[in-house]
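*Asks:* just need the structure, nothing else, for what follows:
(chains A and B)
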There are 2 protein chains.
Amino acid sequence: MAGTDKNRPILTGGPAIILVEPQLGENIGMVARAMGNFGLDQLRIVNPRDGWPNEKAVSAAAGATYVLDAATIYETLEQSLLDLNYVVATTARQRDGFKRVLGPKEACGMLADRERVGERIGILFGRERIGLRNNEVGLADDIVTFPVNPAYASLNIAQAVLLMAYEYMGTRLLADDGLPFGGAEFQPAEKQELFGLFSQLEGALGKRGYFRPPEREAVMVDSLRAVLTRPGFSAEEIRVLRGVISSLDRFSPDKPRGSGPPDE
Amino acid sequence: MAGTDKNRPILTGGPAIILVEPQLGENIGMVARAMGNFGLDQLRIVNPRDGWPNEKAVSAAAGATYVLDAATIYETLEQSLLDLNYVVATTARQRDGFKRVLGPKEACGMLADRERVGERIGILFGRERIGLRNNEVGLADDIVTFPVNPAYASLNIAQAVLLMAYEYMGTRLLADDGLPFGGAEFQPAEKQELFGLFSQLEGALGKRGYFRPPEREAVMVDSLRAVLTRPGFSAEEIRVLRGVISSLDRFSPDKPRGSGPPDE
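*Replies:* Okay, here's the model as predicted:
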């Protein structure tokens, strides 16, 4: 989807994303893209199967090549963790041991708290095929797992990175909702504008005998007004509706405005 | 990542995922996978560029082929929406007009509330290259956008589906906590009824030269549809409005029905 604003600052900081022995360049590229989307920029790759740099990663990154260019490569997981203070490991499988298991939102809250007090933080992601080994999970402080459909839990590595980056972005949004643009506000118009709509429409309908039989007129007016009141139309919406009614009321079919005298 | 438990039930229900003219089979497959991960199973595809079925979609679905097998294909967006009551459109670009803009969590809360009271719901996703056109966004009730990094906002379609599916899964976990949710008081009509209102009104206005000058017609149609979509009119409300339009369209002022021959 489009919408990128090159003039707005690139978000930076946040956790390092650490990929352990990723197999496919496409996935590394899509990880970079997901990081770019949600403002992460620190990619660490442990022993990528197909070497580095990787052309398939570049083409899958779709413009987030600044993330790939800044990526750092390590021979072992331990080396990639040396300067970090707090690390969580993502996994879809239950592990034995003494680690806490967190959901993505909870884990990102924890990571953000650490970053706020100056700690360096990271998130571990395993190989496409088998994930992280037990001894690798053992190097992390806590475990994160995703609330997936139990019958189909196999999350692509770039998707897992996306969810963590998305939740981390959520921790950065304070009062701001973080959305890049807002919609119309829809303040309902003042009642006098709504009543103007009523009288215009009821006048046009009355002239056509819409409110029949006479003893039903009051009920029909009430229904019509209810339908027009319930949406809480804004002043601008009411202007559109009044233009529509004017057109229907003043002009006959097949005698469009401008092509003949109005049918009044 | 591994962790799938074949003995646990497959989650079903949730919003229909509607892809409008998707270009790459790989993306359709990854959408299916994302849906499988977070328990969605209703995929609708409008006019896929490379035809259907699509082998690349199958190989990218990585086991979520049950989603692809059940996918339904449509020639037009309108056809894909006919039986739905409430639809949100995802977009990364600001649009003019009369629609609310929601974040993913807010939108999924809204969708879940609707599903809980028996409405049929859907989420629209646009083409990889250009997203949704304005008139397509115009058919949705509300807009959703993602709190992305403003400097790098281009979200892959499967990633966008993943985030919505993930947030929708979140609403289901909440529901398990038994939190009280308010239901909608007015069930919006199925889209086919709303589209009937559009075509009746636009026909009547077109015959009167309302959509002038011609280069403004598309914008005027979009505005009009936005005004009529935003309230989420019920089937009964639409019946009232259609009666009003019929009366305005078929009869001339001062020649009420029954008091003389209709002006046809």
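*Asks:* and the residue of the stretch 101-250 of chain A nearest chain B?
*Replies:* A:Gly209 (2.7 Å; Cβ to the nearest Cβ). C-betas here are computed from N, CA, C, even on glycine.
*Asks:* mind listing the helices for the stretch 101-250 of chain A?
*Replies:* For the stretch 101-250 of chain A, the helices defined by DSSP state H, counting those that start in this stretch occupy A:104-116, A:134-137, A:157-172, A:191-206, A:217-229, A:235-250.
*Asks:* quick one, which of the ones you listed gets closest to B:Glu237.
*Replies:* Among these, the nearest to B:Glu237 by Cβ to Cβ is helix A:217-229 (4.8 Å).
*Asks:* tell me what that closest one is packed against?
*Replies:* The helices and strands touching helix A:217-229, judged by 3 or more Cβ pairs under 8 Å, 6 or more residues apart in numbering or on different chains; DSSP states H and E, are helix A:191-206, helix B:235-250.
*Asks:* which strands or helices does the last one pack on?
*Replies:* The elements that helix B:235-250 packs onto, with contact taken as 3+ Cβ pairs under 8 Å, 6+ apart, are helix A:191-206, helix A:217-229, helix A:235-250, helix B:191-206.
*Asks:* could you check the angle helix B:235-250 makes with the second one?
*Replies:* The one in question is helix A:217-229. 110 degrees (axes from the mean of the first three to the mean of the last three Cα atoms, to 10 degrees).
*Asks:* what comes up buried for helix A:217-229?
*Replies:* Under the neighbour-count criterion of 16 or more other Cβ atoms under 10 Å in any protein chain shown, helix A:217-229 has A:Met220, A:Leu224, A:Arg225, A:Val227, A:Leu228 buried.
*Asks:* same question for the last one.
*Replies:* The neighbour-count criterion (16+ other Cβ under 10 Å) identifies B:Lys191, B:Glu193, B:Leu194, B:Phe195, B:Leu197, B:Phe198, B:Gln200, B:Leu201, B:Glu202, B:Ala204, B:Leu205 as the buried residues of helix B:191-206.
*Asks:* any chance of these in CSV, plus pLDDT and distance to A:Asp83?
*Replies:* Formatted as CSV, the buried residues of helix B:191-206 follow (pLDDT from 0 to 100; distance: Cβ to Cβ, whole Å):
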residue, pLDDT, distance to A:Asp83
B:Lys191, 91, 55
B:Glu193, 93, 61
B:Leu194, 94, 58
B:Phe195, 94, 59
B:Leu197, 96, 62
B:Phe198, 96, 60
B:Gln200, 96, 67
B:Leu201, 96, 65
B:Glu202, 96, 63
B:Ala204, 94, 70
B:Leu205, 94, 67
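*Asks:* could you pick out which of those are near chain A?
*Replies:* Among the buried residues of helix B:191-206, the residues that sit close to chain A (Cβ under 8 Å from any Cβ of the partner chain) are B:Leu201, B:Ala204, B:Leu205.
*Asks:* OK, contacts around the last one?
*Replies:* What that stands for is B:Leu205. A:Val244, A:Ser247, A:Leu248, B:Phe211, B:Leu224 (Cβ atoms under 8 Å, 6 or more residues apart in numbering or on different chains).
*Asks:* if we go to 10 Å?
*Replies:* Shown in contact with B:Leu205 (Cβ atoms under 10 Å, 6 or more residues apart in numbering or on different chains): A:243-244, A:247-248, A:251, A:253, A:256, B:211, B:220-221, B:224, B:245, B:249.
*Asks:* next one: the second one
*Replies:* Residues counted as contacts of B:Ala204 (Cβ under 10 Å, 6+ apart) are A:Val244, A:Ser247, A:Leu248, A:Phe251, A:Pro253, B:Tyr210, B:Ile245, B:Ser246, B:Leu248, B:Asp249, B:Arg250.
*Asks:* what's the burial count for the residue lying closest to the fifth one once chain neighbours are set aside?
*Replies:* The reference is to A:Pro253. Take A:Pro253 and drop its neighbours on the chain: the residue closest to it by Cβ to Cβ, 6 or more residues apart in numbering or on different chains is B:Lys207, 3.9 Å away. Close neighbours of B:Lys207, defined as other Cβ atoms under 10 Å in any protein chain shown, add up to 17.
*Asks:* show me where the stretch 151-264 of chain A dips below the pLDDT cut-off.
*Replies:* Under the criterion pLDDT under 70, the flagged ranges of the stretch 151-264 of chain A are A:174-178, A:183-186, A:254-264.
*Asks:* how about A:Pro180, phi and psi?
*Replies:* When quoted as degrees, to the nearest 10, the phi and psi of A:Pro180 stand at phi -70, psi -20.
*Asks:* give me the number of residues near it?
*Replies:* 19.
*Asks:* just to revisit the earlier point, now the helices and strands packed on helix B:235-250 in TSV, with distance to A:Arg95?
*Replies:* TSV is the format used below for these (distance: least, Cβ to Cβ, whole Å):
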stretch	distance to A:Arg95
helix A:191-206	62
helix A:217-229	59
helix A:235-250	56
helix B:191-206	47
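*Asks:* pretty sure the residue nearest to A:Pro253 is touching B:Leu248, no?
*Replies:* No. Contact criterion Cβ atoms under 10 Å: B:Lys207 and B:Leu248 do not qualify, at 11.8 Å.
*Asks:* which residues are in contact with each of these two?
*Replies:* Common neighbours of B:Lys207 and B:Leu248 (criterion: Cβ under 10 Å, 6+ apart): A:Ser247, A:Leu248.
*Asks:* what's in contact with stretch A:81-88?
*Replies:* A:15-16, A:18, A:44, A:46, A:74, A:77, A:80, A:99-100, A:102, A:104, A:106-108, A:110-111, A:113-115, A:117-124, A:137, A:139-144, A:164.
*Asks:* with stretch A:71-79 instead?
*Replies:* A:16-21, A:28, A:31-32, A:35, A:41-48, A:51-54, A:57, A:80-82, A:87, A:124, A:132-133, A:135-136, A:139-140.
*Asks:* just the buried residues out of these, in PyMOL syntax.
*Replies:* With 16+ other Cβ under 10 Å as the criterion, this PyMOL line picks the buried residues out of those:
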select buried, chain A and resi 16+17+18+19+20+21+28+31+32+35+41+42+43+44+45+46+47+48+54+57+80+81+87+124+132+136+140
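*Asks:* measure A:Ile45 to A:Ser154 for me?
*Replies:* To A:Ser154, A:Ile45 is 22 Å away according to Cβ to Cβ, to the nearest Å.
*Asks:* if we can go back for a sec, of the contacts of stretch A:71-79, which belong to strands?
*Replies:* A:Ala16, A:Ile17, A:Ile18, A:Leu19, A:Val20, A:Leu43, A:Arg44, A:Ile45, A:Val46, A:Val87, A:Leu124 (DSSP state E).
*Asks:* and the pLDDT at the last one?
*Replies:* The pLDDT attached to A:Leu124 in the predicted structure is 97.
*Asks:* who's in contact with it?
*Replies:* By Cβ under 10 Å, 6+ apart, the residues touching A:Leu124 are A:16-20, A:44, A:46, A:77, A:80-81, A:87-91, A:131-132, A:136-137, A:139-140, A:143-144.
*Asks:* check the closest residue to A:Gln42 other than its chain neighbours and give its pLDDT.
*Replies:* Leaving out its chain neighbours, the residue that sits closest to A:Gln42 by Cβ to Cβ, 6+ apart is A:Ala16, at 4.3 Å. As predicted, A:Ala16 sits at a pLDDT of 97.
*Asks:* identify the bridge partners of A:Ala16.
*Replies:* A:Gly122 (DSSP bridges).
*Asks:* right, and it touches A:Glu119 too?
*Replies:* No. Using Cβ under 10 Å as the test, A:Ala16 is too far from A:Glu119 to be in contact (11.7 Å).
*Asks:* pretty sure A:Ser252 sits against B:Arg208.
*Replies:* Yes. Between A:Ser252 and B:Arg208 there is a contact under Cβ under 10 Å: 7.3 Å.
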